[in-house]
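Q: Sequence and predicted structure are below.
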Amino acid sequence: MNILPISWVLGFAVAILGLLGLSMAASSVDQGVHLFGMLLFVFAVGFDFWLIKIGYDRAEG
């Protein structure tokens, strides 16, 4: 499987951003910050799965 190194770096950075969103949502006191943190986490999970899909699509041909 041939995954570009930039995909690893980008995936790791976005995963850290998702964890930051989760911690922000957990410690929030108002609803807007909670919603933003949860949406940041959902975006990070979706983006990382998209990177995995791109890697497999690239390996197939």
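A: Cool, the structure landed. Since the model is a prediction, treat every value here as computed from it, not as a measurement. Residues are numbered from 1 along each chain as shown.
Q: For the rest of this, base every contact and every neighbour count on C-alpha atoms.
A: Fine.
Q: Where does pLDDT dip in this protein?
A: 1-3 (pLDDT under 70).
Q: repeat that with 90
A: Applying pLDDT under 90 to the chain flags residues 1-8, 52, 54-61.
Q: what about the residue nearest to Ala26 when sequence neighbours are not counted, distance to Ala44?
A: Nearest in space to Ala26, with sequence neighbours left out and distances taken as CA to CA, 6 or more residues apart in numbering, is His34 at 7.2 Å. Between His34 and Ala44 the computed distance is 15 Å (CA to CA, to the nearest Å).
Q: More neighbours: which of those two?
A: With neighbours defined as other CA atoms under 10 Å, His34 and Ala44 compare such that Ala44 has more, 22 against 19.
Q: for the residue nearest to the more buried one when sequence neighbours are not counted, what are its contacts?
A: Leaving out its chain neighbours, the residue that sits closest to Ala44 by CA to CA, 6+ apart is Gly18, at 5.0 Å. Going by CA atoms under 8 Å, 6 or more residues apart in numbering, Gly18 touches Leu40, Phe41, Val42, Phe43, Ala44, Val45.
Q: For the third one, give me its contacts.
A: Contact analysis of Val42 by CA under 8 Å, 6+ apart lists Gly18.
Q: Which of the helices or strands spans the residue nearest to Ala44?
A: Per DSSP states H and E, Gly18 falls inside helix 5-26.
Q: Could you tell me how far that helix lies from the centre of the chain?
A: 5 Å (CA atoms, centre = their mean, to the nearest Å).
Q: and the gap between the residue nearest to Ala44 and Val45?
A: Gly18 is 7 Å from Val45, by CA to CA.
Q: What of Ile16?
A: For Ile16, the distance to Val45 - CA to CA - is 11 Å.
Q: quick one, which of the two is more surrounded?
A: Per other CA under 10 Å, whichever of Ile16 and Val45 has more neighbours is Val45, with 17 against 14.
Q: where's that one, which helix or strand?
A: Assessed by DSSP H and E, Val45 sits inside helix 31-60.
Q: Many thanks, have a good one.
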